[in-house]
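Trainee: Predicted model and sequence follow; I will ask about them next.
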Amino acid sequence: MLTDRQLLILQVIIEDFIHSAQPVGSRSLSKKDEITFSSATIRNEMSDLEEMGFIEKTHTSSGRIPSEKGYRYYVDHLLSPQAPKKNEMKLLKSVFVERIYELEKIVQKSAKILSELTNYTAIVLGPKVNEHKLKKIQIIPLSAETAIAIIITDTGHVENRMISLPPSFDINEIEKMVNILNARLVDVPLVDLKDKIYKEVAVLLSRHIQNYGSMVSVLADTLTDTNPEKIFFGGKTNMLRQPEFHDIAKVSTLLSMIEQEQGFYDLITQNPSGIHVRIGRENQNTVLDDCSLITATYSIGQEQVGTLAILGPTRMEYSRVISLLSFFSKDLTALMTKLYQK
């Protein structure tokens, strides 16, 4: 159990290091207004904090820096909420005042704004596309062998898919086929399209389209081959600005992980609802040993549909980032619920 004096010293060390990125010594602590103890007392308390694993020495300085254990204690017990500033709130709310109604554009802009506000890397996981409902499909022939299918969902999500047309299919019948598809499949969840095509649409096509059989499996595969969730990044290279990532080898492995995306997708989807903080090795990936990942979920109504995340160094402005994510996730939930709740 830490004493009040140790708690204060630990908090000041962590907050000083977060802002300066420099190891903190007893001499600099003694100059802080909130620290009223003697230098000898400060040194003794720092020694005890180090022995308990809350702070640690560096190889290049006599000062101390927070350990993972120290950061975890700080986040869990010492953090003071920091309300977003007026200019930050204005920028966050710009997502909602521009009347963007396409979900994908909302998510993309969210990632961009969060990265600009924090100077860290923002990651936004969009809602599961296969849970969207089909609003409209268009099929445009490009040649006798190929066509492009344009799939539009109820959330404004648009995907273009290339189709290989079977040799036996008459491209002059595409318009008739599209009319049948739109008549039968509008408002059907994407995840249910394949079943609906084989059970209902195939019967109608058999009555109105010659050589329909070759197109049924093509349509079923085309309309259901959706990415379950899309992941968007903002400020991919922001970590280069952090002194912890001036090492070329370290930053290249991190940027490689960002470019591949799957690792972050797996990390983010594991987190529970609400605000969640992973520090250093808690991320269970050696590439992220010097990083912290803060996530916040957003919903449509009561249904959790996506995640906002900020990736930064373990020396992250936890209070500010948590407050920004909390504020933004609530507003994003309100907007999503208003636009898309049925």
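Mentor: Received it, and whenever you're ready, just let me know what you need. Numbering: from 1, shown residues only.
Trainee: ok, D48 - contacts?
Mentor: Listed by C-beta atoms under 8 Å, 6 or more residues apart in numbering, the contact set of D48 reads Q6. All C-beta spots, glycine's among them, are computed from the backbone N, C-alpha and C.
Trainee: Which helix or strand contains it?
Mentor: Per DSSP states H and E, D48 falls inside helix 39-51.
Trainee: likewise A122?
Mentor: strand 121-125.
Trainee: What are the contacting residues of that strand?
Mentor: Against strand 121-125 from outside (C-beta under 8 Å, 6+ apart): 107-108, 110-115, 229-236, 238-239, 258, 264-265, 268-269, 306-312.
Trainee: So for T307, what's the nearest residue that isn't a sequence neighbour?
Mentor: In space, and not counting its chain neighbours, T307 is closest to L125: 4.3 Å by C-beta to C-beta, 6 or more residues apart in numbering.
Trainee: quick one: the one you found from L332, how far?
Mentor: To L332, L125 is 12 Å away according to C-beta to C-beta, to the nearest Å.
Trainee: joint contacts of the two?
Mentor: Counting by C-beta under 8 Å, 6+ apart, the shared contacts of L125 and L332 are L308.
Trainee: Could I get the full set of helices for the chain?
Mentor: Here the chain has its helices, by DSSP state H, at 4-20, 26-30, 39-51, 68-73, 86-97, 103-118, 174-185, 193-196, 202-208, 213-224, 248-260, 262-269, 318-340.
Trainee: right, so of these, which gets closest to Q302?
Mentor: Smallest distance to Q302 across the helices of the chain (C-beta to C-beta): 9.1 Å, for helix 318-340.
Trainee: Pull out the CA atoms of that closest one and give them to me as PDB.
Mentor: Provided in PDB are the C-alpha atoms of helix 318-340 (Å, rounded to 0.1, in the frame of the first residue of the first chain):
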ATOM      1  CA  TYR A 318      -3.600   9.200 -20.800                       C
ATOM      2  CA  SER A 319      -6.000  11.700 -19.200                       C
ATOM      3  CA  ARG A 320      -6.400  13.800 -22.300                       C
ATOM      4  CA  VAL A 321      -6.700  10.800 -24.700                       C
ATOM      5  CA  ILE A 322      -9.200   9.000 -22.500                       C
ATOM      6  CA  SER A 323     -11.400  12.200 -22.200                       C
ATOM      7  CA  LEU A 324     -11.300  12.800 -26.000                       C
ATOM      8  CA  LEU A 325     -12.200   9.200 -26.800                       C
ATOM      9  CA  SER A 326     -15.000   9.200 -24.200                       C
ATOM     10  CA  PHE A 327     -16.500  12.400 -25.500                       C
ATOM     11  CA  PHE A 328     -16.200  11.500 -29.100                       C
ATOM     12  CA  SER A 329     -17.500   7.900 -28.700                       C
ATOM     13  CA  LYS A 330     -20.700   9.200 -27.000                       C
ATOM     14  CA  ASP A 331     -21.300  11.700 -29.800                       C
ATOM     15  CA  LEU A 332     -20.600   9.200 -32.500                       C
ATOM     16  CA  THR A 333     -23.000   6.700 -30.800                       C
ATOM     17  CA  ALA A 334     -25.700   9.400 -30.800                       C
ATOM     18  CA  LEU A 335     -25.100  10.200 -34.500                       C
ATOM     19  CA  MET A 336     -25.000   6.600 -35.600                       C
ATOM     20  CA  THR A 337     -28.200   5.800 -33.600                       C
ATOM     21  CA  LYS A 338     -30.000   8.800 -35.200                       C
ATOM     22  CA  LEU A 339     -29.000   7.900 -38.700                       C
ATOM     23  CA  TYR A 340     -29.100   4.100 -38.700                       C
END
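Trainee: Show me what that helix is packed up against.
Mentor: If contacts are counted by 3 or more C-beta pairs under 8 Å, 6 or more residues apart in numbering; DSSP states H and E, helix 318-340 sits against helix 86-97, helix 103-118, strand 275-279, strand 291-300, strand 303-313.
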